[in-house]
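In: I would like to see how this sequence folds:
(chains A and B)
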Amino acid sequence: MTHIEASGLRVEFPLYHLAARSLKKQLLARAAVRVRTDESNRIVVSALRDLNFRIESGERVALIGRNGAGKTTLLRSLAGIYEPVGGRLTIEGTIGTLIDPAAGLDMDSTGRENIRLRALYQNLDEAAQAKLEEEVAEFAALGEFLDMPIKGYSAGMSIRLAFAIATAMQPQILLMDEWFMAGDATFMQKAEARLASLVSGADIMVIATHDMQIARRWCTRAIRLDAGRIVEDGPVEPVVAGMLATPD
Amino acid sequence: MLAGPLTTTETYVFDAASPRRKEAALADLREGLASWRLAWALARLDLRNRYRGSIIGPFWMTLSTVLMVAGLGLLYSRLLGLSLTDYLPHLTVSLVVWNTISIMVTDACTTMTGAEGVIRQLRVPFTVHAMRTVFRNALTAAHSLPLVLAVLLIFQQIPGPEGLLALPGLVLLLTNAFFASMLLGMACARFRDIGPIVANVMQLSFFLTPILWKPELLKNLAVYLPLNPFYAVLETIRGPLVEGGGAPLTWLAAVLYTLLFGAIAMAFFVRFRGRLAFWV
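Out: Numbers count the residues shown, from 1 in each chain, chains lettered A, B, ... in the order given. Model (predicted):
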C-alpha cells in the first residue's frame, strides 16, 4: 500500500562555504578540535527537526510555511535526494518529482532530444520512449520548434516543454513545488487539466506552497512547517487559518 | 492523455540509526551500470556541445598531439641520442595514452560538481555521472587512434599478436578512470582545493613518467619504475603496442594499483554517498 512515514526525521545542511570548505581550514579545524572539545567544527543549519508524520494513500498534503521553513528540503528528502542525518523514512510507491522544471534538460539539445534524454533518465524502454515522445510533442504543441535547440526557445515555450516532460508520467506519489501550479495564463488551462488528472491518478500528493488558494483547492490535509519543525498538522482549513493568524 | 505510469516500483527506506550504506552504494552501482545508455547519451551530448560549431571538433586534440609529436620528436630524439625510428612510435603511443590518462584524471574532479543540477533535482545513481566522464573522455581519446596507427605504419612497427594485450590494458585504464571519477569527483565536490592539487600532480607526473624519455635511459634505476602507478598503467597499453608486450612485473603492478585504488574509491563511496547531495 502506498504510504509515506517519517519518524524523528532530521535533515541538516552543512554550510561549507561559510567555514570549513577548504582543506586547509578542515585540517586546522581538526587540530583545533583535538585541543578543544570533541564537537565537530562544522556549521550546520537544521533544515528539518524531528518530523513525525504518516501520509496514507488518498491524501493530498499541502506543505505550508514561511520562506526557509523547510518545505522544499522536505520534498527533496522525500524524493530521496537529501539523506536524513537522523530518524527513519519509509516510502512505498513510485515517486514523481516536479521540483525544478528544468531538471535534466540540456540547453544545447533540441526539444525532441531532451524528451529522449528524459526517457533515459527514467529508464524507459523503446516503446515507452516513443509514447513519451509523441505525448509530450502533442501536449507542448511546439510544432517545428520541437526540433530546434531549446536555448532558442522563448520563456513560454521552455515552460511548456518542461511541464509536458515533467508531467508525462503518472507516479503513485507526486511531489510538487508550487511552481507547477503557476504558469503562463494561456497555457494554464491546459496545464490545469493535466495536473488534475495527474493528481487524481496519484495515490499521494505532497505540494509545497505559499499560496493558500492552492492548498484549499487541491489538498485534503495541510502540514505547517516553521523553522524546520511541524507546528500544525491536520485538515486544510484550520491549519491555513492558523498560518494566516500568525504574524510574520 | 498521460504517456503511462512510472514503471519502477520501489520502496525507499532510510533509517539513520542503521543507514545500510553498503547496500545503498551497491544498489547505486548496480542501477548505474544498468543505465549505461544514459551515461553514453550524456557523454555524446557533452562532446557535441563542447565542439559545437567547430569544423574538426575533437580532432583538435589529435592535431595538437600531432604537433607535439612532430616538435618534441625532432628535438628529443637528438637530445636523447635516439633514432627517429626508435623514438617516434614510442613518443606517439606514450603521448596519446598519457593525454587520455591526464584528461580523465583532471576531468574526474568536476564529475560531480558538473552534474550538480541533476544531483540536486533527480534521483539518478551517482555511478551514471562517473560513467559519463569516462565515456566522454574515452570518446575524445578514440579520435587519436588514427594517429597511432599512421605512425606505426610509417615506421613499419605494426605489433604482432601481442598487440592485442593492449586491450586488457585499456580495460585497466578505463577501470581506473571510473574509480578516479568516483573518488575525485566526490572529494573535489567536498574540498574545492583538490582540483588544483590534482592538476599539479598530473603536470609533475608527466615529466616523472617515461613519456618523453624511454625507461631504459634510467639504466639500473629502471627497476623502480613500477612504483609509479602512472607508468604501470601506461605500460600495459604501450608495452603491447611498441615494445612487444609489457613486462609481467608492470602488469602485476598495474593490477595491484587498480585493486588498491578501487578499494579506496569504493570505501569512500560507501561512506559518503549520502552526503554528496549536500556537497555539490
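
In: only C-alpha atoms for contact and neighbour calcs from this point on.
Out: Will do.

In: residue contacts, residue B:210?
Out: By Cα atoms under 8 Å, 6 or more residues apart in numbering or on different chains, the contact set of residue B:210 is residue B:231.

In: how about 10 Å then?
Out: Neighbouring residues of residue B:210 by Cα atoms under 10 Å, 6 or more residues apart in numbering or on different chains: B:90-91, B:94, B:216-218, B:225, B:230-231, B:234-235.

In: Return the subset of those residues lying in helices.
Out: Judged by DSSP state H, the contacts of residue B:210 include B:90-91, B:94, B:230-231, B:234-235 as members of helices.

In: Buried among the contacts of residue B:210? Make that a PyMOL selection.
Out: Those of the contacts of residue B:210 that count as buried under 16 or more other Cα atoms under 10 Å in any protein chain shown are selected in PyMOL with:
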select buried, chain B and resi 90+91+94+225+230+231+234+235
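
In: Distance to chain A for the contacts of residue B:210 - can I get that in CSV?
Out: Output for the contacts of residue B:210, formatted as CSV (distance: Cα to the nearest Cα, whole Å):
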residue, distance to chain A
B:90, 39
B:91, 37
B:94, 34
B:216, 39
B:217, 39
B:218, 37
B:225, 31
B:230, 25
B:231, 29
B:234, 30
B:235, 33
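
In: and of the contacts of residue B:210, the nearest to residue B:195?
Out: Closest approach between the contacts of residue B:210 and residue B:195, by Cα to Cα: residue B:230, at 18.1 Å.

In: Please identify the nearest residue in space to the closest one, excluding sequence neighbours.
Out: Among residues not flanking residue B:230 along the chain, residue B:209 sits closest, at 6.9 Å (Cα to Cα, 6 or more residues apart in numbering or on different chains).

In: Run a quick neighbour tally on the one you found.
Out: When neighbours are defined as other Cα atoms under 10 Å in any protein chain shown, residue B:209 has 20 of them.

In: any idea how far residue B:235 is from it?
Out: 10 Å (Cα to Cα, to the nearest Å).

In: hang on, residue B:47 packs against residue B:141?
Out: No: if you go by Cα atoms under 10 Å, residue B:47 and residue B:141 don't touch, sitting 11.4 Å apart.

In: who's more crowded, the two?
Out: More neighbours surround residue B:141 than the other of residue B:47 and residue B:141, with 21 against 17 (other Cα under 10 Å).

In: So the more buried one sits against residue B:93, correct?
Out: No: shown here, residue B:141 and residue B:93 do not form a contact pair, counting by Cα under 10 Å, at 11.8 Å.

In: which residues do those two both contact?
Out: Contact criterion Cα under 10 Å, 6+ apart; residues shared by residue B:141 and residue B:93: residue B:99.

In: Could you list the buried residues of stretch A:146-157?
Out: A:146, A:148-150, A:153, A:157.

In: and which of the residues you listed is nearest residue B:58?
Out: Among the buried residues of stretch A:146-157, residue A:149 lies closest to residue B:58 (Cα to Cα), at 21.0 Å.

In: ok, residue B:129 - how many residues close by?
Out: Residues near residue B:129, counting by other Cα under 10 Å, number 28.

In: ok, so what distance separates residue B:172 from chain A?
Out: 28 Å (Cα to the nearest Cα, to the nearest Å).

In: Can I get stretch B:273-280 in CSV, CA atoms only?
Out: The C-alpha coordinates for stretch B:273-280 follow below in CSV (Å, rounded to 0.1, in the frame of the first residue of the first chain):
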residue,chain,number,x,y,z
ARG,B,273,27.5,8.6,-0.9
GLY,B,274,24.6,10.1,1.2
ARG,B,275,26.4,13.3,1.8
LEU,B,276,27.2,14.1,-1.9
ALA,B,277,23.9,15.9,-2.5
PHE,B,278,24.9,18.4,0.2
TRP,B,279,28.4,18.9,-1.2
VAL,B,280,27.8,19.8,-4.8
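
In: If anything else comes up later, I'll come back, but that's it for now.
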